[in-house]
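Q: pasting the sequence and the predicted coordinates here, then a few questions.
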Amino acid sequence: MIDLYTTPTANGLKASIMLEEAGLEYRVHRVDLRKGQHLAPDYLAINPVGRVPAIVDHDTASGAPLTVYGTAAILLYLAEKSGRLMPADIEARARVFQWLGIIQADIGAAYSSQFLFKALAPEPLPWAIEHYDALCLRLVAPLEQQLGRTRYVAGDEYTIADVLGYPLATVSMQRHPGNLDAYPNMRRWVAEVGARPAVQKGMTVGT
Ligand SMILES: N[C@@H](CCC(=O)N[C@@H](CS)C(=O)NCC(=O)O)C(=O)O
């Protein structure tokens with residue numbers, strides 16, 4: 001059994017989609033960020049970083065519960081545990097790792113800052129909003145180009161890179177006027193990935 005600590009943000013949804021794709025048994029613990037539950041002592045005892053998503057796997061080889069925090073780490077762990085959504089070939093794996101870094105560390109980090117200035121800032125700061133809107137769109141452009149060349153994000157195989165990308169396209173990118181209107185390759189890919197039952201189920205977790 002795996003405990004999932006989550007909230008229905010883009011990162012939280014990536015973790016729940018992956019749990020569905022992995023076919024592993026899990027139970028959901030909703031962590032309400034607005035109530036500060038991520039900073040409460042009982043959650044900090046599980047994840048001292050005080051952020052979500054995190055998982056605790058009770059079904060380990062050592063018998064000791066294993067906590068894994070961070071979206072990319074969770075997806076990699078679940079891919080290895082389930083033997084799903086990660087290619088065996090070293091070059092194909094390198095492409096997955098590259099997109100994992102681009103989506104989480106480059107695009108995802110830009111969208112986190114965009115969310116702060118667009119949705120949470122007590123007063124609008126036009127320079128910051130314009131800067132992060134432009135940065136997000138600049139970093140999304142290579143993903144749109146890539147999906148014009150390959151069926152899925154890291155090639156012709158569905159992998160954890162697609163699980164990372166889907167909530168980015170369907171949640172974070174909704175904060176741009178027109179959403180995916182100017183992104184035909186992403187729209188084609190979103191329709192295909194969004195038709196998967198595991199993705200549909202994962203997108204409802206914690207909501
Ligand atoms: N590097 C982490 C970032 C996780 C993250 O930013 N979590 C947000 C919600 S999506 C959070 O817990 N924010 C609360 C806070 O930072 O106080 C990941 O990739 O999962």
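A: Done, it's in.
Q: mind listing what's buried along the strand or helix carrying V96?
A: Using DSSP states H and E, V96 sits within helix 90-101. Using 16 or more other CB atoms under 10 Å as the test for burial, helix 90-101 gives 92, 95-97, 99-100. Placement of C-beta: from N, CA and C, glycine included.
Q: interface residues of the chain facing the ligand?
A: Contact residues (CB under 6 Å from any ligand atom) of the chain with the ligand: 7, 9, 11, 33, 38, 51-53, 70-72, 104, 112.
Q: give me the subset of these that lies in helices.
A: Judged by DSSP state H, the subset of those located in helices is 11, 71-72, 112.
Q: just the buried residues from the residues you listed, in ChimeraX please.
A: Applied in ChimeraX, the following selects the buried portion of those according to 16+ other CB under 10 Å:
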select :11,71,72
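Q: among the ones in helices among the residues of the chain next to the ligand, which pair sits farthest apart?
A: Taking CB to CB as the measure, these span a maximum distance of 13.9 Å, between A72 and S112.
Q: what about S172, how many residues nearby?
A: 21 (other CB atoms under 10 Å).
Q: how about A54?
A: 25.
Q: other SSEs contacting the lengthiest helix in the chain?
A: Secondary structure of the chain read by DSSP H shows that its longest helix is helix 126-149. Applying 3 or more CB pairs under 8 Å, 6 or more residues apart in numbering; DSSP states H and E, we find helix 126-149 packed against helix 109-115, helix 184-194.
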